[in-house]
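A.B. asks: Here's a sequence, model it:
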Amino acid sequence: MQRTTKIVATLGPTSSDPAILNQLVAAGIDVVRLNFSHGTVDDHRLRMDNLRLAMSAQSRTVGVMADLQGPKIRVGKFAGRKVLLKTGQDFILAAHCELGDHNRVGLDYPELVDDVVAGDVLLLDDGRIIMDVKAVMDGEIHCTVRHGGELSNNKGINKQGGGLSAPALTAKDKEDIRSAAALRVDYVAVSFPKSGSDMREARALLVEAGSKALVIAKIERVEAITNLEEILDASDGVMVARGDLAVEVGDAAVPALQKRIIRTAREHNRFVITATQMMESMIHSPIPTRAEVSDVANAVLDGTDAVMLSAETAAGDYPVQTVEAMARICVEAEKSSEISLEKHFLDRVFTRIDQSIAMAALFAASHLQVKAIAALTESGSTALWMSRLNVGVPIYALTQDVRTRYKVSIFKGVYPVMMRQSGHDRDELLREAEEQLIRAGAVEPGDLIVLTIGEPIGTPGGTNTLKIVQVGDPQIAN
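C.D. replies: Numbering: from 1, shown residues only. Just a heads-up that it's a prediction; the model follows:
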């Protein structure tokens, strides 16, 4: 069975070697993530160069995502690098403190003192340490430690319930957007957006830098949940970033929110990635836990386009085995995916011709013994629309645009196929489409395929024709 859920793998110290990258590509990664919270632009460039060599050697398409650091609010540094905080003790977060001790520590975001009041709850180091705010005075946040533990340099701070004023795009993020554009990445993930305007600003900066990368909103703030629909409208896709989201809303709320975000994204024709601790134990273990298997499988059943690996592939001991295990889980879960197209057409109105053609192709494929759907596409939009509904038929995005070839690699159930520069001859394009599908092993003579194409040829958003043909039929282009 062909896997429809895509796998995003983060590159890092243990996965940057050309030999390991070759194995990761062979194991089935669809997109790599470059974490701009770590490493230099030269590090990321080298990883991309090695990735391209691996793709070329194996004739595979792998997209590239740049993940911005965002306004991660952190404590400063300690004189001894770390302290042990005891439950019940007093502790101060100070706007201006050069080196901390067991009584106080500085902040890398001094404005935090303006965002909190007595009674607020602060969660440090991903919620491992909890502090109750007693008072805010003279640039200091006076707290009582509710749950203690070891606190070391530069650990993150979240406010329970959200409400932090830090902008989504920092000065570093804006510079990293320019670097990502220069690297010609396919997607840029924006950390901690609170509204649609944050995403529009990121897109404008990308366009200004000469990039057409798709923008992904990482949903990890309370405000992002409140403003989910406007964020979706301003984005190409979203990521369910369960780490910081769990800290802000509470871990028990995350599973239901995950399902809601995935469902809403698909209703808005946006792709969605599920991330954070999916195979966490495999950082140091060659096999996943049963809970991790269920977590990945449930994300697949929820309808996520992609599942993402972070430290598991960036710094883990078993990066290749982790990808192989995740791929197996996805395939097994997809066998139970519900295929029910009709209910999605009830009470829906399609006002665009190209979207109507995409839906008609799905409807035809679901009622005929169709082996494949082939969308000849300039922008990738037709393939995206088709991928929002599950009909159990693989969708091949055949394109002459190199950028489209990579950007569709994250869409669920969509497989990119590069077309030759065949000009604007419709018959020649349709013949080549059939040849490419045969060459890819997607179809055989006698199979039925659904083809969509736009005329005049080469106009983005112009899909207006649907053909149902039998492979090998000399009338295919008539």
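A.B. asks: give me the element the nearest residue to residue 135 once chain neighbours are set aside is part of.
C.D. replies: Of all residues beyond its chain neighbours, the one nearest residue 135 is residue 142 (4.6 Å), with distances taken as CB to CB, 6 or more residues apart in numbering. In this view, the C-beta of every residue, glycine as well, is placed from N, C-alpha and C. Counting by DSSP states H and E, the element that carries residue 142 is strand 140-147.
A.B. asks: Does anything pack onto that strand? Which helices or strands?
C.D. replies: Strand 140-147 is packed against strand 90-94, helix 112-115, strand 121-124, strand 129-137, with contacts defined by 3 or more CB pairs under 8 Å, 6 or more residues apart in numbering; DSSP states H and E.
A.B. asks: rerun at 6 Å
C.D. replies: Packing contacts for strand 140-147, counted by 3 or more CB pairs under 6 Å, 6 or more residues apart in numbering; DSSP states H and E, involve strand 90-94, strand 129-137.
A.B. asks: Sticking with residue 321, tell me its helix or strand.
C.D. replies: Applying DSSP H and E as the criterion places residue 321 in helix 319-334.
A.B. asks: Contacts for that helix, please.
C.D. replies: 1, 3-5, 7, 14-15, 23-24, 27-29, 279, 282, 286, 288, 293, 296-297, 300-301, 312-313 (CB atoms under 6 Å, 6 or more residues apart in numbering).
A.B. asks: Filter those down to the ones in strands?
C.D. replies: In strands, judged by DSSP state E, the following of the contacts of helix 319-334 are found: residue 7.
A.B. asks: Show the buried residues in the contacts of helix 319-334.
C.D. replies: For these, a neighbour count by 16 or more other CB atoms under 10 Å gives the buried set as 3-5, 7, 14-15, 23-24, 27-29, 279, 282, 288, 293, 296-297, 300-301, 312-313.
A.B. asks: Could you count how many residues lie near residue 414?
C.D. replies: Residue 414: 26 surrounding residues under other CB atoms under 10 Å.
A.B. asks: thought it was touching residue 397?
C.D. replies: Yes: judged on CB atoms under 6 Å, residue 414 makes contact with residue 397 at a distance of 5.4 Å.
A.B. asks: Overlap in contacts, the two.
C.D. replies: 383, 408.
A.B. asks: quick one on the thing from earlier: I'd like the helices and strands packed on strand 140-147 as CSV, with mean pLDDT and mean neighbour count appended.
C.D. replies: CSV is the format used below for the helices and strands packed on strand 140-147 (pLDDT from 0 to 100; neighbours: other CB atoms under 10 Å):
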stretch, mean pLDDT, mean neighbour count
strand 90-94, 97, 19
strand 129-137, 97, 17
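A.B. asks: Residue 207 is nearest to which of those?
C.D. replies: In terms of CB to CB, the element of the helices and strands packed on strand 140-147 nearest to residue 207 is strand 90-94, at 38.4 Å.
A.B. asks: and the angle for the closest one with strand 129-137?
C.D. replies: Strand 90-94 runs at 70 degrees relative to strand 129-137, counting by axes from the mean of the first three to the mean of the last three CA atoms, to 10 degrees.
A.B. asks: now strand 90-94 and strand 140-147, what's the angle there?
C.D. replies: For strand 90-94 against strand 140-147, the angle by the same axes, to 10 degrees is 140 degrees.
A.B. asks: So in that sheet, which strands flank strand 90-94, and in what orientation?
C.D. replies: Within its sheet, strand 90-94 is paired with strand 104-106 (parallel), strand 140-147 (antiparallel), according to DSSP bridges.
A.B. asks: Buried ones in the longest helix along the chain, by neighbour count?
C.D. replies: Looking across the chain with DSSP state H, the single longest helix is helix 41-58. Neighbour-count burial for helix 41-58, counted by 16+ other CB under 10 Å, picks out 41, 44, 47, 48, 50, 51, 54, 55.
A.B. asks: Make a markdown table from those residues and add distance to residue 228 and pLDDT to it.
C.D. replies: Listed next are those as a markdown table, based on distance: CB to CB, whole Å; pLDDT from 0 to 100:
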| residue | distance to residue 228 | pLDDT |
| --- | --- | --- |
| 41 | 32 | 95 |
| 44 | 30 | 97 |
| 47 | 32 | 96 |
| 48 | 32 | 96 |
| 50 | 37 | 96 |
| 51 | 32 | 96 |
| 54 | 36 | 96 |
| 55 | 34 | 95 |
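A.B. asks: Which secondary structure state does residue 464 sit in?
C.D. replies: With DSSP: H, G, I helix; E, B strand; the rest coil as the basis, the three-state label of residue 464 is strand.
A.B. asks: That one: neighbour count?
C.D. replies: Neighbour tally, residue 464, other CB under 10 Å: 15.
A.B. asks: Find the centremost residue of the protein, please.
C.D. replies: residue 273 (3.9 Å; CA atoms, centre = their mean).
A.B. asks: Dump the helix or strand containing that one to PDB, restricted to CA.
C.D. replies: Using DSSP H and E, residue 273 falls within strand 271-275. The C-alpha trace of strand 271-275 is given here as PDB (Å, rounded to 0.1, in the frame of the first residue of the first chain):
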ATOM      1  CA  PHE A 271      -2.600  21.500   4.800                       C
ATOM      2  CA  VAL A 272      -1.700  20.600   8.400                       C
ATOM      3  CA  ILE A 273       1.300  19.100  10.200                       C
ATOM      4  CA  THR A 274       1.100  17.300  13.600                       C
ATOM      5  CA  ALA A 275       4.300  17.800  15.600                       C
END
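A.B. asks: tell me the mean pLDDT for it?
C.D. replies: Averaging pLDDT along strand 271-275 gives 98.
A.B. asks: likewise stretch 405-420?
C.D. replies: Summarised as a single mean, pLDDT over stretch 405-420 is 93.
A.B. asks: Extract the CA atoms of that stretch and return them as CSV.
C.D. replies: Provided in CSV are the C-alpha atoms of stretch 405-420 (Å, rounded to 0.1, in the frame of the first residue of the first chain):
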residue,chain,number,x,y,z
ARG,A,405,6.9,20.1,-7.7
TYR,A,406,8.4,20.6,-4.2
LYS,A,407,5.6,22.4,-2.5
VAL,A,408,3.0,19.7,-3.2
SER,A,409,5.2,17.1,-1.5
ILE,A,410,3.6,17.9,1.9
PHE,A,411,0.0,17.4,0.7
LYS,A,412,-1.6,14.2,1.9
GLY,A,413,-2.0,11.6,-0.9
VAL,A,414,-0.3,13.8,-3.5
TYR,A,415,2.8,12.7,-5.4
PRO,A,416,4.8,15.1,-7.5
VAL,A,417,5.8,14.2,-11.1
MET,A,418,8.0,16.6,-13.1
MET,A,419,6.9,17.1,-16.7
ARG,A,420,9.2,18.0,-19.5
